[in-house]
Each structure stands twice: as C-alpha cells, then as structure tokens.
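A.B. asks: A predicted structure for the sequence below; I have some questions about it.
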Amino acid sequence: MLVVDVEPREGFQIWVRFDDGTSGTVELDELAGRGVFKVWADRRVFESVRITDAGAVEWPGDVDLCADALYLRLTGKQPEDLFPTLRTVRSDT
C-alpha cells in the first residue's frame, strides 16, 4: 500500500489517496503536540506534508507516518485484513 497523493486539511487532517484508489481524510488530532508531532504547532510545518519515495507521508523534522497505518485509520480495517499471514496460528506441538 502506497500513498500517491496527500494534501493538508483543516485542523490536523490530511487527505490521502492510495495506489489502490482508496482516498479520504485522516484525522491526526490525537498525535498533534505529542512527541515528534510537536513540530505541527507551527502550522507551516503541518502544511509542508509530502510523500516519500517509499510511499509514506512525511513532514520536515523527520516526522513520518507509514502508508499502512494511514490506510488502516482511513478504512477501519484491521492489520490482518492487509496482511493475511498474521491470521496464521502456528503450532509447534
């Protein structure tokens, strides 16, 4: 899953579009002001969002969010939905 388009929106929201065509707004309020996300206190930093060569979303100051995490937030899917092998139960008995 890769982000192919991103735009900052009102508050701490970003609009994203993924390589599978899924798109929508992701709310990031709960991250703002915490840890590395303190840099968003400067609105210009938040609005400087861009896509990395690896298809993640990043801001100045080495702040980034992986595409998979954003996709899960947007769609409400679980990690097992994206990565079916996580469902595999291993038995060594």
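C.D. replies: Great, that's in hand. Numbering: from 1, shown residues only.

A.B. asks: three-state assignment of the closest residue to Q78 other than its chain neighbours?
C.D. replies: The shortest distance from Q78 to any non-neighbouring residue, by Cβ to Cβ, 6 or more residues apart in numbering, is to L72 (7.3 Å). In short, each C-beta sits where N, CA and C put it, glycine included. L72 carries the three-state label helix when classified by DSSP: H, G, I helix; E, B strand; the rest coil.

A.B. asks: cool, and D68?
C.D. replies: Strictly by three-state DSSP, D68 counts as helix.

A.B. asks: burial measure for it, as a count.
C.D. replies: 16 (other Cβ atoms under 10 Å).

A.B. asks: Find me the pLDDT at it, would you?
C.D. replies: pLDDT recorded at D68 is 94.

A.B. asks: So V4 is in contact with G55, correct?
C.D. replies: Yes - with contact defined as Cβ atoms under 8 Å, V4 counts as touching G55 (7.4 Å).

A.B. asks: Find the residues that touch each one of these two.
C.D. replies: Residues touching both V4 and G55 (Cβ atoms under 8 Å, 6 or more residues apart in numbering) are D19.

A.B. asks: which residues of this protein score low on pLDDT?
C.D. replies: With pLDDT under 70 as the threshold, the chain has low-confidence stretches at 87-93.

A.B. asks: got a list of what the residue most central in space within it touches?
C.D. replies: By Cα atoms, centre = their mean, the chain has its centre lying nearest to L70, at 2.9 Å. L70 makes contact with 3, 16, 26, 57 under the criterion Cβ under 8 Å, 6+ apart.

A.B. asks: Compute the number of surrounding residues for the third one.
C.D. replies: Residues within reach of V26, counting by other Cβ under 10 Å, total 19.

A.B. asks: helix, strand or coil for it?
C.D. replies: strand.

A.B. asks: pretty sure it contacts I14?
C.D. replies: Yes - counting by Cβ under 8 Å, I14 is a contact partner of V26 at 5.5 Å.

A.B. asks: T25 and G11 touch, don't they?
C.D. replies: No - taking contacts as Cβ under 8 Å, T25 lies outside contact range of G11: 10.1 Å.
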